[in-house]
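Asker: take this sequence and fold it.
(chains A and B)
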There are 2 protein chains.
Amino acid sequence: MSTRKPTLAVVGATGAVGTVMLGILSQRENVWGEIRLIASARSAGKLLTVRGEQVAVQAISPEAFDGVDIAMFDVPDEISAEWAPIAVERGAIVVDNSGAFRMDPDVPLVVPEVNPDAARNRPRGIISNPNCTTLTMIVALGELHRKWRLTELVVASYQAASGAGQPGIDRLHDELEVVANDRSLGNVAGDVRRALAEKLGEGESPFPAPLALNVVPWAGSAKGEGWSSEELKVRNESRKILGIADLKVSATCVRVPVVTTHSLAVHATFAEEITVAEARQALVEAPSVVVVDDPDGKEFPTPADTVGADPTFVGRLRQALDFPNTLDLFVTGDNLRKGAALNTAQIAELIARDL
Amino acid sequence: MSTRKPTLAVVGATGAVGTVMLGILSQRENVWGEIRLIASARSAGKLLTVRGEQVAVQAISPEAFDGVDIAMFDVPDEISAEWAPIAVERGAIVVDNSGAFRMDPDVPLVVPEVNPDAARNRPRGIISNPNCTTLTMIVALGELHRKWRLTELVVASYQAASGAGQPGIDRLHDELEVVANDRSLGNVAGDVRRALAEKLGEGESPFPAPLALNVVPWAGSAKGEGWSSEELKVRNESRKILGIADLKVSATCVRVPVVTTHSLAVHATFAEEITVAEARQALVEAPSVVVVDDPDGKEFPTPADTVGADPTFVGRLRQALDFPNTLDLFVTGDNLRKGAALNTAQIAELIARDL
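Answerer: The predicted structure follows:
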């Protein structure tokens, strides 16, 4: 291990996740030498603040990765697919938050609390960061799996607008401004659609239906047989991270009018007998998990109480009444932090220790 | 069967469900003679419109039920518990939308599309209308059960504010006005709570947490072992309506910032082999069910497209990838119409035919 502090590149520094990343890098232990900010050419020269200092954004180019030890990518799949291998060629280890490499058998999919050792075996020089929906539940489930062996998962999500980036956040706020000024809205089919079309124009939304005063049972792209990409990610990524090739998973992914923080209703079945008391104790002791579970005292996880925080919040712990070895629970996690930037930063710190 | 048209009483005519009921009675076939409107003493004398005519509300009293053939109750549990037997004594058959009698073995729990014959056996003279969350899915599930025999249900709900009546609707709109004017909200834990407390005051909400920019994983009252009354209703009422004493059910009930229309993510397992194509065909042919299922064309059920309509909307039909004989689907239904007033009106019409 050298005494030189490693150089970190943040690729996609100007996006919704990138913005949160700069805040996280400013708050966590300062393990980095240079932090280089990289984005598309149109953001080049923009000054962003990280660790209290202003840093100019560099346009992405092969040379921009010279001297970089670890490069974190928070960009669309196709940008990662093109540029991650270039960064690796230039000598960087890439931690990628896109979907481009997650299911590549030569790319580990890492959650430091769950499978840190997987980060050491990276034949392509790339480590993938899981999808935000998977990350919302996987630390808590990893802890329970370690003790009781997870076999089945039925999951329904309540996903935030910021999962669609800054355009998603902006659209939700735009829609809320329209609907909040008309108390007649929400009572007749199509009235919210018409109000939004009139005030905001048609076809400008990153969502396939109104999000204000609505829920939208679709996230991602169509993957055949009725499944969305988001739902298959929950299944396939959970299997890979937990190392359970035959884990049974059904997910239904739904967008809700929340700015940031995903929530999941989880129905989890285990091979071993599990009680609520034991599960609660294991989760209370787990790092990065906070149990909030006293409904009589109005204590349960909600997005409004979770956003901006690092841990996974777990509540509504119940023994399924009719299913053996099964717990029902409700989990929340900030999709821009643990669901994206924080887990990426944790992976980068994990591998920086071995440089 | 007499040729005299029966007299109907609407008890709770001034509430959120009562208001929808008057609209429904004005739209449906006019099978009623007198329609008498009954509410608490403080609403007595108020004029409401039904079937195009103004009718004065009468204060509830034993005499108010004299000459009534069928009395529909849309009032809190304790009011139904007290007054439904009085209405029966006065000669009325009661159709009750509260939770007071639903699990009474001498009171049938009726959904006309699913178990109409149950309405004929009513030893107490009372028929119960199911809970709105159960009603959101039960017509579609009843149809599938008839052909493939339902054995297991895992359900997560996305429940509208109007499930808490007019105070719920008003509170959601009040909260939306606060959050829609501040784009910084939703980014820090507690910021929505603080803004609402400052603008609306503490402790005024029918919900146990902020609903705007949030989801609240709690509906109803605590029933022990972590379960809410709403979740146990979904289990116990589904069993009773479908006539499956050992149906396995796990439900997680969550409130979302939608005015009206409940949505449910349903994971349903059957005894017989079932395919998506067969299920879709059965649902397309079912009365009161509309299939909306083309995600590529942005076609799926949402509350904003459902509210004000009578049918159950079903979409996102998928064969569970890892569970045999299991379908995942998403259903929406107007909780004030099919979830309350419409089903009540249907039951009343059903028994009126036999008077």
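
Asker: quick one, helices of the stretch 201-350 of chain A?
Answerer: A:229-242, A:276-285, A:303-306, A:342-352 (DSSP state H, counting those that start in this stretch).

Asker: and the ones you listed: which comes nearest residue B:221?
Answerer: Of all the helices of the stretch 201-350 of chain A, helix A:276-285 sits nearest to residue B:221, with 19.3 Å by CB to CB. (C-beta placed from N, C-alpha, C; glycine too.)

Asker: next, the residue of the stretch 1-150 of chain A found nearest chain B: phi, psi?
Answerer: Across the stretch 1-150 of chain A, the shortest distance to chain B (CB to the nearest CB) belongs to residue A:20, at 9.6 Å. Dihedral pair for residue A:20: phi -60, psi -40, per degrees, to the nearest 10.

Asker: for it, what are its contacts?
Answerer: The contact partners of residue A:20, by CB atoms under 8 Å, 6 or more residues apart in numbering or on different chains, come to A:336-337, A:340-341.

Asker: tell me where the stretch 1-150 of chain A has strands.
Answerer: A:8-11, A:35-39, A:47-50, A:53-56, A:58-59, A:70-73, A:93-96, A:126-128, A:150-158 (DSSP state E, counting those that start in this stretch).

Asker: which of the contacts of residue A:20 lies closest to residue A:151?
Answerer: residue A:340 (28.3 Å).

Asker: just give the closest residue to the closest one, not the sequence neighbours.
Answerer: The spatial neighbour of residue A:340 that comes closest, neighbours along the chain excluded (CB to CB, 6 or more residues apart in numbering or on different chains), is residue A:17 at 4.5 Å.

Asker: any idea how far the residue in the stretch 251-355 of chain A positioned nearest to chain B is from residue A:178?
Answerer: For the stretch 251-355 of chain A, the residue closest to chain B is residue A:259, as judged by CB to the nearest CB, at 3.0 Å. Applying CB to CB, to the nearest Å, the value for residue A:259 to residue A:178 is 16 Å.

Asker: neighbour-wise, which of the two wins?
Answerer: Using other CB atoms under 10 Å in any protein chain shown, the more surrounded residue of residue A:259 and residue A:178 is residue A:259, with 26 against 20.

Asker: residue A:163 is in contact with that one, correct?
Answerer: No. Using CB atoms under 8 Å, residue A:259 is not in contact with residue A:163, being 10.4 Å away.

Asker: tally of neighbours for residue A:185?
Answerer: As a burial measure, residue A:185 scores 23 neighbours (other CB under 10 Å).

Asker: quick one: contacts for it?
Answerer: With CB under 8 Å, 6+ apart, residue A:185 has these contacts: A:179, A:191-192, A:195, A:213, B:259.

Asker: again, only this time at 6 Å
Answerer: Going by CB atoms under 6 Å, 6 or more residues apart in numbering or on different chains, residue A:185 touches A:179, A:191-192, A:195.

Asker: make TSV out of the strands of the stretch 1-150 of chain A and add mean neighbour count, mean pLDDT and distance to residue A:232.
Answerer: Below are the strands of the stretch 1-150 of chain A laid out as TSV (neighbours: other CB atoms under 10 Å in any protein chain shown; pLDDT from 0 to 100; distance: least, CB to CB, whole Å):
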stretch	mean neighbour count	mean pLDDT	distance to residue A:232
strand A:8-11	28	98	26
strand A:35-39	23	97	29
strand A:47-50	14	96	34
strand A:53-56	12	96	37
strand A:58-59	17	97	34
strand A:70-73	27	98	21
strand A:93-96	27	98	18
strand A:126-128	26	98	15
strand A:150-158	25	98	12
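
Asker: looking at these, which is closest to residue B:310?
Answerer: Residue B:310 lies closest to strand A:150-158 among these, at 25.4 Å (CB to CB).
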